[in-house]
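Novice: Predicted model and sequence follow; I will ask about them next.
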Amino acid sequence: MKFITAWFAERLPISKAQIREFTNEPVPNHMKRWWFCLGGTPAYLFVVQIVTGILLAFYYESSPKGAYDSIKYITHEVSYGWFFRSIHKWAATLMIASIILHQIRIFFTGAYRKPRELNWMIGMCLLICTLLVGFTGYSLVYEQLSYWGATVGANITDNVPLVGPYLKRLMLAGDQYNQHTLSRFFILHAAVFPVLMISLLVVHISLIRLQGVTELKFENDSPQEQNAHFNFFPDHFYTELIMGLLLMILLSALAIVFPATMGPRANPLLTPEIIKPEWFFYVTFRWLKLFSGATAILSMGFIVFVMFVWPFIDGLIRKIWKNSEFSVWIGLATALSIIGMTIWEAAVAH
């Protein structure tokens, strides 16, 4: 054992003290509360997505002729295929939900403010990439609803001023859904977006490492607790590990109790009476119903742009009105509107 240790020490001249110094970054005391540790949850679920996605990719065929049958084979024939497919589906749902909750937490605690504006924008990019991964993954099943959902999504994209038609052709590999569309979705879902997300995560985590975590203090904490810190490893690492184990139990329970099912095979000649997107696009679907095509697209684009640059807007507001918490009221109104439109779209017929 000493020989092996000496062999590695000679080739990797890194001391235990250096490792300890690198990993044991002081973490603010408020991070002992698990709801402030939501940043690690989507990262953990992303790893679950990669692992289960690779297992599913062994059997998946990205063509209109074979996609549905390959998913059917995974679900009914492959050993534990139904389980890993269900884990993949539920991990995607929880990942989107956890990223949204993490962004909400960052917003309402003001953790996006100077000097962390860039990291907020990177977080927004990660959120958009996650939604696009969900959209492309949903389309790969080649069910009736996933086929027509992709068709509707492409038609919506076509209405984007200037670049809309080009984005639609890029998405569908042509002017309409064709034999190359599914392979295009598969490459985007399994390669392009994951690589982009990993790159963004590296930058995101690096900035957190350089800038440190925003320190929050609470009135009911003692002065010692407000100024206290603890080591990332092993203290905070244990918190993240426990959350990961609890998530694995939750994912397994959801996969067993509510396994992924299959709808009717896609039929390009039969438009379903009800076209229903995944839950995370309910608010977008409802917005498109409330306004005309161009107005809806432009207004949604403006809202997304405002969300990207909000740290700078907030900084300007706080320069005009010192210590103003106007952002909190804007955030509350926005959150209630999103929840309201999501429930509205879920409750009514599509």
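Specialist: Good, I have the coordinates. It should be emphasised that the depicted structure is a prediction, and the values quoted were computed from it without experimental measurement. Numbers count the residues shown, from 1 in each chain.
Novice: Can you list the buried residues in the helix or strand containing residue 199?
Specialist: Following DSSP states H and E, one finds residue 199 within helix 193-211. Neighbour-count burial for helix 193-211 flags 193, 194, 196, 197, 201, 204 (criterion: 16 or more other CB atoms under 10 Å). Where you see a C-beta, it was placed from the backbone N, CA and C, and this is true even at glycine.
Novice: go on, stretch 61-77?
Specialist: Quick answer for stretch 61-77 (16+ other CB under 10 Å): 61, 62, 63, 64, 67, 68, 70, 71, 74, 75.
Novice: In three-state terms, how would the second one be classified?
Specialist: For residue 62, the secondary structure call by DSSP: H, G, I helix; E, B strand; the rest coil comes out as coil.
Novice: Number of residues surrounding residue 99?
Specialist: By other CB atoms under 10 Å, 24 other residues sit near residue 99.
Novice: That one reaches residue 126, doesn't it?
Specialist: Yes - between residue 99 and residue 126 there is a contact under CB atoms under 8 Å: 6.7 Å.
Novice: contacting residues around the residue nearest the centre of the chain?
Specialist: Geometric centre of the chain, nearest residue: residue 130, 3.6 Å, by CA atoms, centre = their mean. By CB atoms under 8 Å, 6 or more residues apart in numbering, the contact set of residue 130 is 42, 95, 96, 99, 197.
Novice: in the helix or strand hosting residue 303, what counts as buried?
Specialist: Taking DSSP H and E as the criterion, residue 303 maps to helix 293-320. Buried residues in helix 293-320, defined by neighbour count with 16+ other CB under 10 Å: 296, 297, 300, 307, 308, 310, 311, 314, 318.
Novice: ok, back up a step: contacts made by the helix holding residue 199 with the rest, please.
Specialist: Outside helix 193-211, the residues touching it (CB under 8 Å, 6+ apart) are 25, 39, 43, 46, 50, 115-116, 118-119, 122-123, 125-126, 129-130, 132-133, 136.
Novice: cutoff 10 Å now
Specialist: Contact with helix 193-211 is made by 22, 25, 39, 42-43, 46, 49-50, 53, 115-116, 118-119, 122-123, 125-126, 128-137, 187-188, 214, 232, as judged by CB atoms under 10 Å, 6 or more residues apart in numbering.
Novice: Quick check: the farthest pair among the contacts of residue 130?
Specialist: Spanning the widest gap among the contacts of residue 130 are 96 and 197, at 12.5 Å by CB to CB.
Novice: Common neighbours of those two, please.
Specialist: With CB under 10 Å, 6+ apart as the test, residue 96 and residue 197 both reach 42, 130, 133.
Novice: C-terminal to the helix or strand containing the second one, what's the next element?
Specialist: Using DSSP H and E, residue 130 sits within helix 117-139. The helix or strand immediately downstream of helix 117-139 is helix 144-158, counting by DSSP H and E.
Novice: C-alpha coordinates for that next one, CSV please?
Specialist: Output in CSV follows, covering the C-alpha atoms of helix 144-158 (Å, rounded to 0.1, in the frame of the first residue of the first chain):
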residue,chain,number,x,y,z
GLN,A,144,-49.2,11.4,-31.0
LEU,A,145,-48.9,14.2,-28.5
SER,A,146,-45.1,14.5,-28.7
TYR,A,147,-45.2,14.6,-32.5
TRP,A,148,-47.9,17.3,-32.6
GLY,A,149,-46.3,19.2,-29.7
ALA,A,150,-43.0,19.4,-31.7
THR,A,151,-45.0,20.5,-34.8
VAL,A,152,-46.8,23.3,-32.8
GLY,A,153,-43.5,24.3,-31.2
ALA,A,154,-41.9,24.6,-34.6
ASN,A,155,-44.8,26.7,-35.9
ILE,A,156,-44.5,29.0,-32.9
THR,A,157,-40.8,29.4,-33.6
ASP,A,158,-41.6,30.3,-37.2
